[in-house]
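# 3D, please:
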Amino acid sequence: RERGPNSIRHTPVPPVPSKPSPPMAGGSSSPSPASALIQVRCAGCRGVLAVAPGMTEFICPKCQMAQRLPPQLMPNPSSSTPSPPKSSAAPALPAPPQHRKRASQAAQTSQAHGVDPTKIQLPCVRCQAVLNVPHGLANFRCPQCGVDLAVDLSKLQNFLTAASNGAPPASVPVPPTFLPVLPPGMLQPPQLVAVTTTVPIGLPATEPPEEINEVAIDVERDEDEGGTVGETFTDYRPPKLSLGLPHPDPVVETSSLSAVQPPEPTYELNIMDELDQTKTLSCLQIETIVYACQRHLHHLPTGDRAGFFVGDGAGVGKGRTIAGLIWENWQQGRHKAVWVSVGSDLKYDARRDLDDVGAKCVQVHPLNKLPYSKLDSKAIGIKNGVIFVTYSSLIASSERGRSRLQQLVQWCGHEFDGLIVFDECHKAKNLIPDAGSQPTRTGKAVLEIQEKLPEARVVYCSATGASEPRNLGYMVRLGLWGDGTSFQDFPQFLGALEKGGVGALELVAMDMKARGMYVCRTLSYKGADFDTVEAPLEERMTNMYGKAAEFWADLRLELLSAGEISGEEKGVSNQIWRLYWSSHQRFFRHMCMSAKVPAVVKLAKEALAENKCVVIGLQSTGEARTEEAVTKYGVEMEDFVSGPRELLLKLVEENYPLPPKPDTFQQGEEKVTEIQRKRHSAQDVSFKGRVRKVAKMEDVSDDDSGDYSPSESSDHESSESDEEFHMCQICNSEEEKSLLLNCSGCSLRVHPSCLTPPWTGMLTDDWSCYSCKKIEGQEMEHDANVADFSKRYDSAVERKLKILDVIRSLDLPNNPLDDIIDQLGGPDKVAEITGRRGMLIRTSDGKGVIYQARNAKEVSMEMINMHEKQQFMDDKKLIAIISEAGSAGVSLHADRRAKNQRRRVHVTLELPWSADRAIQQFGRTHRSNQTSAPQYRLLFTNLGGEKRFASIVAKRLESLGALTQGDRRAGPSLSAFNYDSTYGKKALTMVYRGIMEQDSFPVVPPRCSDNQASIEEFITEAKVALVSVGIIRDATVCNGKVAGKLSGRIVDADMHDVARFLNRLLGLAPDIQNRLFDLFISILDVVLHNARREGQLDSGIVDIKGKNIELKEPPKVMLLFYPFLGSFYFC
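This is a model prediction of the structure:
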């Protein structure tokens, strides 16, 4: 059948010559159409295809499989025949292995190639596609149908029998040197079989004749860094303790951590008999208490008491474990404890956990409710119990300068040997920040309290406490650095870890477990469903996003122009641009959230219809923008506040650069001129004139004691005689009025000859002295400057007002949080667990919205989140919206103790880029003692990298990837897919160099062919886009031979800044945004592929697998020393 000019005819095998005739080059005669067609066999359906001359890539019309000509049939570029365009499927660098697709997707995306003589050609057991299999590869997946395949050595004879019926293609000789290494007696490679079956399937009975050229599909080695679920995690039970009941839910541990045994437990619990009766703690929690108490018996070489790190995943039951530790220490006579956590609401959970373990007599005192005076004073009277303090309270202080930290240290005493628990200790992770940043007050306070209480029993507790090496900085009680270790201080320890790479991090976790200072288990995600839901931008949102991107580009140019006109200082300019780019990032992240609101509402309604309940997770609430709008417009408005619009209005209103206001400048100059006039006019009278004026002044004065008393007869002298004679103010001689020059400006009277140079002109009434003429010139110039400044100022104000009008006219989305609550039934139907104080709700008549506080009269603001959570758990509200600020430590799972045991559908409206935050948020709905595991729905738009990141998170969680230390495949922080890595920086540099035409792209850009014109068109579009977001600077349009070409520069700091690239990318129109991101990802895949091929990829600890493992000789005991850990191991 015909498919246009580049058509492929699917025909039965015709009798053809032994070799197709090549096209004639430059001859007078041309080959006939029949002889010009090239016969190839499809790699998918095995049908024979007739390929038109000049074609190198085609799609089989029967199976729709994309493929290309074998290498031996590719046009020779050195031939005199005009070369056809190169195939875009054959880049200069080898195509990198892509992430595994589903079988249905693989059939559409797999690329076919020619027979590779360096590999083995074997047929797939399911789809019969011919595969180029690398030597030594025993297990792989068919790239066309997706079935898992294995080399079956036992079916070799069947394969040889089938293969002997035909001969290999004459044009593709297989050199003997490339044959695989086989066991003795085997002369040919084995056959492929599916992993799930043992039935051998050979090649088709009818082999193609020699003249039919084979097309095969390349099989890449499975180099995915993540293993399968069974390989990455193992079921966990305490290896050396048999106390307590099994945990109520399946718990797993990473395989690398499970290979390390903890030390022998020697500590005996005082509360064990009580626990055997109440059965309130599982064997996992009891194991943690035993090892923590055992660790606390030791001291570090520095003299401080050793600490313990509980790294269990979210929902395992760390709260009850902490309560058990407090109760054990209480039974040992240590009746004081400090519990530091993230929110004051969690004190109720602490009270509940203590009651559960039997510690009802232990009081919990919230520090934020107490005065700053001594806690053990008569006024307060707290002698023992648990002081519950938040991290924010830990850094608080009173007006008199007394801090909460000092208050705690005084209450504990310097000999304090009780328990200090840093719950959710990742809040102190920024003690050792990145270069250029300052340590946080929280991190310094956590470190200070440990230094002031050296005998305290410290426990660090967090699922994400050590997601990165530098986040270990506050864990000084682990004894990994300092006296008695291989590292003098933490920076030296950090440098060794960063130098050792992923493998060093994994060994640190294994070392901590082996030394009895660390446990790390996580709930199995068995039964949980993970699905990525694409929320493509609707047409209205696409237009809205594109216009917003155009506006931000115009606003950038306007600010540049306004900055030059106003002549702002460098410091002020830098501050404006910092605000501009931070607002730019928040604006477009808000746009991405708003684009997903319709999909969130749809998913929520579907879940409710299936008798499930919904938890919607986001990171920000937009409270700041809402409060600003309420301040400006009042509590009653026509519609919900648009966060992006308010953000833009604030940016322009407060930071648009204006020239100096002319009124102030003019007033200052007028004062100077007035002083000058008064100075000149002070000498503006003759001797007699001064007498006359003083006399007149005395006539109207109430004071008769003047310094000068003229004669009484002077009052009767003729005024005319006084005015006819005046004194020259240069020679001080009197002269008749008519013979003196009188300045009309300053009233100066002089002889014409006394001036320098002398005055030779006519005596006129409008004469001005030389000084006044100079001042008049200056005044005229000043007036012109003032007019110019006024014009510039008015013009700038007018431009600013126009920009504000444009912002108000933009079609921008409303605040997603208010919009979702409104569409799902309002506050009566939706439980909001966030950090904001007020909300906008629709009025009863539906004609507007009104701002009101979240809490009702009977519920205080402090308790509103607990109240809303209880409404959800009591089945009174079936939808809950949680934010990072309001949901830390909150349990919203299908608890067996709660009334609402419906299955949770957890929808992520705003997926955090930080894996720490993602894990914390997912842990709200997946916890111990639940009736059903949640369904996770990860929402993403089709913009930039959001889709890819959501898919990665889903993949890692689906393989039980809760953040745990000790195995790269379970973390840490999804670093295996971190774009801002060494490889990501290298890929970004290649992207920029290609766009700036300093080097060629290693891959063909998205939606481009090998045609240079299409690539140049893409480069031009990319340059314009990068100029609009400030990546390319000093942009100019060239003249001459390259007229119209855009040039510029990218500073060295930006060449490697992946974070800036991803942030700025959001400010581009969707089309060019996606094309640039796809180009970056394609080049990153090539960089990773090359690093793997060259053996330079940091893969960390690698599992060595084998089908048959035999013990050659008795094992030997070896002592290994790890220099970067300073530890010895027997193995």
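# use CA for all of it now, contacts and neighbours both
Noted.
# domain ranges for the protein, per the record?
Domain segmentation of the chain under the TED database yields 252-523, 529-658+810-960, 982-1094.
# would you list every one of the helices in the stretch 301-450 of the chain?
In the stretch 301-450 of the chain, the helices defined using DSSP state H, counting those that start in this stretch lie at 318-331, 346-356, 391-394, 404-412, 441-452.
# neighbours of residue 256, how many?
Using other CA atoms under 10 Å, residue 256 has 23 other residues around it.
# which helix or strand contains it?
helix 255-258 (DSSP states H and E).
# extract the C-alpha trace of that helix and format it as PDB.
C-alpha atoms of helix 255-258 as PDB (Å, rounded to 0.1, in the frame of the first residue of the first chain):
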ATOM      1  CA  SER A 255      20.000  -5.300  51.300                       C
ATOM      2  CA  SER A 256      23.300  -3.600  52.000                       C
ATOM      3  CA  LEU A 257      22.400  -2.700  55.600                       C
ATOM      4  CA  SER A 258      21.000  -6.200  56.100                       C
END
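# can I get the helix or strand just after it in PDB, CA atoms only?
Where DSSP H and E defines the elements, the next helix or strand beyond helix 255-258 is helix 272-278. Below are the C-alpha coordinates for helix 272-278, written out as PDB (Å, rounded to 0.1, in the frame of the first residue of the first chain):
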ATOM      1  CA  MET A 272      10.400  -5.500  79.800                       C
ATOM      2  CA  ASP A 273       8.000  -7.200  82.200                       C
ATOM      3  CA  GLU A 274       5.500  -4.400  81.900                       C
ATOM      4  CA  LEU A 275       5.900  -4.500  78.100                       C
ATOM      5  CA  ASP A 276       5.200  -8.200  78.000                       C
ATOM      6  CA  GLN A 277       1.900  -7.600  79.700                       C
ATOM      7  CA  THR A 278       0.800  -4.600  77.800                       C
END
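# what pLDDT, on average, does helix 272-278 get?
Here helix 272-278 scores 90 as its mean pLDDT.
# same for that helix, what does it pack against?
Counting contacts by 3 or more CA pairs under 8 Å, 6 or more residues apart in numbering; DSSP states H and E, helix 272-278 packs against no other helix or strand.
# show me which residues of it are buried.
Across helix 272-278, burial judged by 16 or more other CA atoms under 10 Å covers 272, 275.
# next one: stretch 805-820
807, 811-820.
# among those, which one sits closest to residue 481?
Distance to residue 481, by CA to CA, is smallest for residue 817 among the buried residues of stretch 805-820, at 45.8 Å.
# make sure that closest one is indeed in a strand.
No. Counting by DSSP: H, G, I helix; E, B strand; the rest coil, residue 817 is not part of a strand but helix.
# show me the contacts for it.
Residue 817 makes contacts with 621-622, as judged by CA atoms under 8 Å, 6 or more residues apart in numbering.
# apply 7 Å and report the result again.
residue 621 (CA atoms under 7 Å, 6 or more residues apart in numbering).
# next one: the one 4 residues further on
Residue 821 makes contacts with 827, 830, as judged by CA under 7 Å, 6+ apart.
# helix or strand for it, which one?
helix 816-823.
# could you point out which element follows that helix?
Taking DSSP H and E, what comes next after helix 816-823 is strand 830-833.
# same for that next one, what does it pack against?
Applying 3 or more CA pairs under 7 Å, 6 or more residues apart in numbering; DSSP states H and E, we find strand 830-833 packed against helix 864-873, strand 879-882.
# so what touches the shortest one?
Right, the one you point to is strand 879-882. 613-618, 829-834, 872.
# got CSV for those residues, with neighbour count, pLDDT and distance to residue 639 too?
Below are the contacts of strand 879-882 laid out as CSV (neighbours: other CA atoms under 10 Å; pLDDT from 0 to 100; distance: CA to CA, whole Å):
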residue, neighbour count, pLDDT, distance to residue 639
613, 26, 95, 28
614, 27, 96, 26
615, 27, 95, 25
616, 23, 94, 23
617, 25, 89, 24
618, 23, 87, 22
829, 17, 93, 20
830, 23, 94, 20
831, 25, 93, 22
832, 26, 92, 20
833, 23, 91, 23
834, 21, 89, 22
872, 25, 94, 28
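# between those residues, which is nearest residue 1078?
Set against residue 1078, the nearest of these by CA to CA is residue 618 (26.3 Å).
# who touches that closest one in this structure?
By CA under 7 Å, 6+ apart, residue 618 lies in contact with 882-883, 908-910.
# any weak-confidence spans in the stretch 451-600 of the chain?
465-468, 501-503, 566-572 (pLDDT under 70).
# tell me the helix or strand right after the host helix or strand of residue 552.
Assigned by DSSP H and E, residue 552 falls within helix 539-566. Downstream of helix 539-566, the next assigned helix or strand under DSSP H and E is helix 570-595.
# list the buried residues in that following helix.
Going by neighbour count (16+ other CA under 10 Å), the buried part of helix 570-595 is 573, 576, 580-581, 583-585, 587-595.
# stretch 368-380 now?
For stretch 368-380, burial by neighbour count (16+ other CA under 10 Å) applies to 368, 372, 374-375.
# and those, which two are furthest apart?
Greatest spacing in these, by CA to CA: 368 and 374 (13.6 Å).
# want to throw the domains of the chain into JSON lines with distance to residue 234?
Below are these laid out as JSON lines (distance: least, CA to CA, whole Å):
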{"stretch": "domain 252-523", "distance to residue 234": "5"}
{"stretch": "domain 529-658+810-960", "distance to residue 234": "10"}
{"stretch": "domain 982-1094", "distance to residue 234": "27"}
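# I'd like to know which of those lies nearest to residue 738.
domain 529-658+810-960 (53.0 Å).
# give the contact list for residue 346.
Applying CA under 7 Å, 6+ apart, no residues qualify as near residue 346.
# quick one: it from residue 863, how far?
11 Å (CA to CA, to the nearest Å).
# thanks a lot, catch you later.
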